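>>> model this:
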Amino acid sequence: MRMEPLNLDRKGLVKLLALPDFSPIYRKADQVRAAHKGDTVQIRAIVEFSNYCRRQCRYCGLNCKNTTAERYRMTPEEILACANMAAEAGYRTLVMQSGEDPYFTPQLLGELIREIKKTGMAVTLSCGEMPYAAYAYLKSCGADRYLLKHETADPEIYARLHPCGTLENRVRCLCDLKSLGYETGSGFMIGLPGQTLETIADDLLLLEKIGCDMAGIGPFIPHPQTPLKGCPAGSIELTKRAVALARLLLPDINLPATTALGVAGGESENDIFSCGANVIMRKVTPDPYKQKYEIYPAHFEKTDIPAERAFLERRIRALGRIPL
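From the prediction side, this is the model:
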């Protein structure tokens, strides 16, 4: 039976998020993914090069108020060695992620980007809020993409969770990145205290308004050393529904199976590829740094870049997709 056209305005999105049976929407999202992105799954390497952060985000284990966190900064030599190993293993993109660490100035990041680009990989940055001039400089050094999640489009919830920033400035940064020609990524968490189906609809519509090229949507996972330690984790099912609706709203967007989804939902990281996702990111952060980059509690196996890449390729093929 043919599905009627979907209403994807705020009211329509809320209605869809609340459906008792979402399976027809999942099928539609998978069809749209196949038509616009094909059957490939992009595998991207992510190196978390510093867990120092000047911000106070109340859900994040890296926030500057967490005095129990074991802080580290990778040296430029360590970062470049990691990038070279990722390139040799077959990765085509390196995501450079950190807290908002003032030690890594735009000039230092720019030098690293120039060197990493020599490997032939694309470079995605995820280093937080910066002035327009800094984003422009990093783009001139060769940065291709920038990931900056807005986390929630509700100004009141944003203010409660971010005593060190505003939603207005976060959206300004995203608009700056888009205007500079970055492939611009945002995203949000499912399950934040105070969130409703209406605010999730607003999150999705903000992705559309900005014109995001990429969006990371994952469940909230409470960290024991944060003010939200006693809050329940976000719903896996609602996360998958938000991913599917993001695919319908923005057919050409890149949607990853987020690390948080794999941690919280196990096999849901596989399921998400039938709900509209087409990207997966894998940590290539060296031991022992990997375990110290603890936005939320998780256990990660020892880093073996070639072996894990090969494992991911086999897993993607087993799902009937083509690793890229």
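>>> which residues make contact with stretch 66-80 from outside it?
Stretch 66-80 is contacted from outside by 47, 49-52, 61-62, 82, 96, 101, 103-104, 108, 111-112, 115-116, 225-226, 286, 289, 292, 294, using CB atoms under 8 Å, 6 or more residues apart in numbering. Every residue, glycine included, has its C-beta placed from N, CA and C.
>>> who's in contact with stretch 5-19?
Taking CB under 8 Å, 6+ apart as the rule, stretch 5-19 contacts 22, 25, 28, 197-198, 200-202, 204-205, 238, 241-242, 245, 248-249.
>>> Surely residue 297 touches residue 226?
No - with contacts counted by CB atoms under 8 Å, residue 297 stays clear of residue 226, the gap being 10.4 Å.
>>> which of the two has more neighbours?
Neighbour count, other CB atoms under 10 Å: between residue 297 and residue 226, residue 226 has more, with 21 against 13.
>>> correct me, but that one touches residue 63?
Yes - in terms of CB under 8 Å, residue 226 counts as a neighbour of residue 63; the distance is 6.7 Å.
>>> Need the overlap of contacts for residue 297 and residue 226.
Residues touching both residue 297 and residue 226 (CB under 8 Å, 6+ apart): residue 61.
>>> low-confidence ranges in this protein?
Low-confidence regions of the chain, defined by pLDDT under 70, span residues 1-4, 259-270.
>>> Which stretches in it count as helices?
Along the chain, counting by DSSP state H, helices occupy 10-17, 23-37, 76-89, 106-117, 132-140, 155-161, 167-179, 197-210, 236-249, 259-265, 268-271, 289-292, 305-318.
>>> contacting residues for residue 40?
Counting by CB under 8 Å, 6+ apart, residue 40 has contacts 278, 321, 322, 323, 324.
>>> Next, work out how far apart the closest residue in space to the first one that isn't next to it in sequence and residue 250 are.
What that stands for is residue 278. Counting by CB to CB, 6 or more residues apart in numbering, residue 278 lies nearest to residue 37, which is 4.6 Å off, once chain neighbours are set aside. Going from residue 37 to residue 250 by CB to CB, to the nearest Å gives 11 Å.
>>> Repeat that for residue 137.
The value you get for residue 137 to residue 250, if CB to CB is used, is 28 Å.
>>> More neighbours: these two, which one.
More crowded of residue 137 and residue 250, by other CB under 10 Å: residue 250, with 22 against 18.
>>> do you know how far the more buried one is from residue 26?
17 Å.
>>> What of residue 178?
Distance, residue 178 to residue 26, using CB to CB: 29 Å.
>>> Repeat that for residue 51.
36 Å.
>>> Pick out whichever of the two has more residues nearby.
Neighbours of residue 51 and residue 26, each counted by other CB under 10 Å, are more numerous for residue 51; the result is 24 against 19.
>>> Would you mind confirming that the more buried one makes contact with residue 64?
No - with contact defined as CB under 8 Å, residue 51 does not count as touching residue 64 (10.8 Å).
>>> Could you give the number of residues near residue 115?
By other CB under 10 Å, the residues close to residue 115 number 16.
>>> Can you tell me the closest non-neighbouring residue to it?
Residue 115 sits nearest to residue 80 (CB to CB, 6+ apart), 5.5 Å away.
>>> for residue 52, same thing?
Closest to residue 52 by CB to CB, 6+ apart is residue 101, at 4.2 Å.
>>> From residue 322, how far out is the one you found?
Distance of residue 101 to residue 322, computed by CB to CB: 36 Å.
>>> Between these two, point out the one with more neighbours.
Counted by other CB under 10 Å, residue 101 and residue 322 do not tie: residue 101 has more neighbours, with 18 against 12.
>>> list the contacts for the more buried one?
Residue 101 is in contact with 50, 52, 53, 54, 73, 127, counting by CB under 8 Å, 6+ apart.
>>> Please pick the buried ones from the residues you listed.
50, 52, 53, 73, 127 (16 or more other CB atoms under 10 Å).
>>> Include distance to residue 159 when you put the residues you listed into TSV, please.
Formatted as TSV, the entries for the buried ones among the contacts of residue 101 read as follows, by distance: CB to CB, whole Å:
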residue	distance to residue 159
50	26
52	24
53	19
73	30
127	23
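>>> Nearest to residue 193 among these?
Nearest to residue 193 among the buried ones among the contacts of residue 101, counting by CB to CB, is residue 53 at 21.0 Å.
>>> so what's the nearest residue to that closest one once chain neighbours are set aside up against?
Nearest residue to residue 53, sequence neighbours excluded (CB to CB, 6+ apart): residue 99, at 2.7 Å. The contact partners of residue 99, by CB under 8 Å, 6+ apart, come to 50, 51, 52, 53, 54, 55, 62, 128.
>>> Would you list the phi and psi of residue 99?
The phi and psi values for residue 99, taken as degrees, to the nearest 10, are phi -70, psi 180.
>>> Alright, that wraps it up for me.
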